[in-house]
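Student: Build me a structure from this.
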Amino acid sequence: MMLRQEDLENLRSLYVKLDEMFYKYTDEVTGILIATLARENYLLIGPPGTAKTTLVYVLSKLLNAKWFYRQLTKFTDLEEILGPIDVAKLLEGKVERIYVNSIVESEFALLDEIFNASSAILNTLLSLLNERVVYDGDKVIPVKTWTVFGSSNRVPDEEELQALYDRFPLRTFTEYAPPEDTEALLVKGWYLRKGMEGLKPMASMDLVKRINEYLINYTYDHIGDLAKVTSSIIADFVEHIPVSNRTRIKIPMYALTYLLLRGFNPDSVTPQMVKVSVIKVCRYLVHDKDQMNEYEAFMMAHLPDELLKVSDLVSEAKALLNNNMVDEALSKIREAEDALNSIKARWDKSLISLYSNEIEEVEGLLRRLKGAIRGEPE
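Tutor: Numbering: from 1, shown residues only. The predicted model follows:
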């Protein structure tokens, strides 16, 4: 099965549009699209008011997907999830539900504060998340739900919730914007509010399903080569952060999905690009926010030596400046800038693109350091 260039372009446009609408939400946007294309469940963890619900809503609109939303509490009952009992059938002695407008008929389902649900809801969700069926009495009901999104302000520590948590292999930890970003946040927030008015589809679930089929087939057809390229990196990651076998075998497909989102056709990518994408997608597999430090250390350990050298030079310049050694700090800054320019001149454009966030972060740090030397406010 070949990937159509039109599909690749439509996917890239969808990614760019979604990323542009939200302020500093690239990790969340990337994660939600990886989950959608891989048909995985996706969990957004963070405080209220960080646009978790809005992100899923906007994605559903851009894909013209039928979505289902419920905020769960311990008082939420099955009828609110699966639909009400059909009274007319009940009078005939038959117990049947009306599934219209329930989670059963949705393509996307967003379950807000998912870990607050009752045990009855949790038991129903386990089969839905894992098998895409619900057990309703003595009936096994297949669901149309493509991806289930969960949101919560916490990582559950209750033993009875661990099975549910594990059914969301891809996770992002959202945070409030820092105080210094308030001005930019205000502007972007109002653009988002306006942009949501009359939001029109850019693609469809048919595109998602075609790409999902392509990814599954491509991964299967090339798993030997993919395993050789990715296994050592995955092994290093899971040595520090445990990942189940079930999720581990899907990491190569997540990596290919990441490359698609960045505009690369898997047929034309290099082994190095695949390795980089594996490192990038591992951030979505951490268990809790505390493990993000482990992930950052893992990523730094696999950073190209040239980029790592630039990062070290910036750190040295910052330390020198903190000790009022301005001339020495300027020398390190110039050395870092020269090394960064050398990377841009010699690296392949695709590799520069995959490390664009790291490069932009270093450039921002260099600007701030030079600004501090000139006495400019941050």
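Student: For the rest of this, base every contact and every neighbour count on C-alpha atoms.
Tutor: Noted.
Student: for this structure, what spans make up the strands?
Tutor: 42-45, 67-71, 108-112, 133-136, 139-142, 147-152, 170-173 (DSSP state E).
Student: Got phi/psi on residue 99?
Tutor: With angles defined as degrees, to the nearest 10, residue 99 sits at phi -90, psi -10.
Student: pLDDT weak spots in the stretch 101-250 of the chain?
Tutor: Across the stretch 101-250 of the chain, no stretch falls below the confidence threshold (pLDDT under 70).
Student: Quickly note the distance from residue 16 to residue 262.
Tutor: As judged by Cα to Cα, to the nearest Å, residue 16 and residue 262 stand 9 Å apart.
Student: Mind checking which of these two has more residues around it?
Tutor: residue 262 (19 against 15; other Cα atoms under 10 Å).
Student: What residues of the lengthiest helix in the chain count as buried?
Tutor: Determined from DSSP state H, the single longest helix within the chain is helix 326-346. Neighbour-count burial for helix 326-346 flags 329-330, 332-333, 335-337, 339-340, 343 (criterion: 16 or more other Cα atoms under 10 Å).
Student: can you tell me the average pLDDT over it?
Tutor: Taken as a whole, helix 326-346 has an average pLDDT of 93.
Student: How about stretch 257-268?
Tutor: Rounded mean pLDDT across stretch 257-268 is 93.
Student: which of the residues in it are buried?
Tutor: Applying 16+ other Cα under 10 Å to stretch 257-268 flags 257-266 as buried.
Student: Can you tell me what sits against the longest helix of the chain?
Tutor: Outside helix 326-346, the residues that touch it by Cα atoms under 8 Å, 6 or more residues apart in numbering are 306-307, 310-311, 313-314, 316-318, 320-321, 352, 366, 370, 373.
Student: Whichever of those residues end up buried, select them in ChimeraX.
Tutor: Here is the ChimeraX command that selects the buried residues among these (16+ other Cα under 10 Å):
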select :307,310,311,313,314,316,317,318,320,321,352,366,370
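Student: least confident pick among the contacts of helix 326-346?
Tutor: Across these, the smallest pLDDT goes to residue 373, namely 86.
Student: now the helices for the stretch 101-250 of the chain?
Tutor: Using DSSP state H, counting those that start in this stretch, the helices assigned to the stretch 101-250 of the chain run over residues 119-131, 162-166, 182-195, 205-221, 223-240, 245-248.
Student: Now mean neighbour count too, for the ones you listed, in JSON lines please.
Tutor: Converted to JSON lines, these look like this (neighbours: other Cα atoms under 10 Å):
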{"stretch": "helix 119-131", "mean neighbour count": "17"}
{"stretch": "helix 162-166", "mean neighbour count": "15"}
{"stretch": "helix 182-195", "mean neighbour count": "13"}
{"stretch": "helix 205-221", "mean neighbour count": "17"}
{"stretch": "helix 223-240", "mean neighbour count": "15"}
{"stretch": "helix 245-248", "mean neighbour count": "12"}
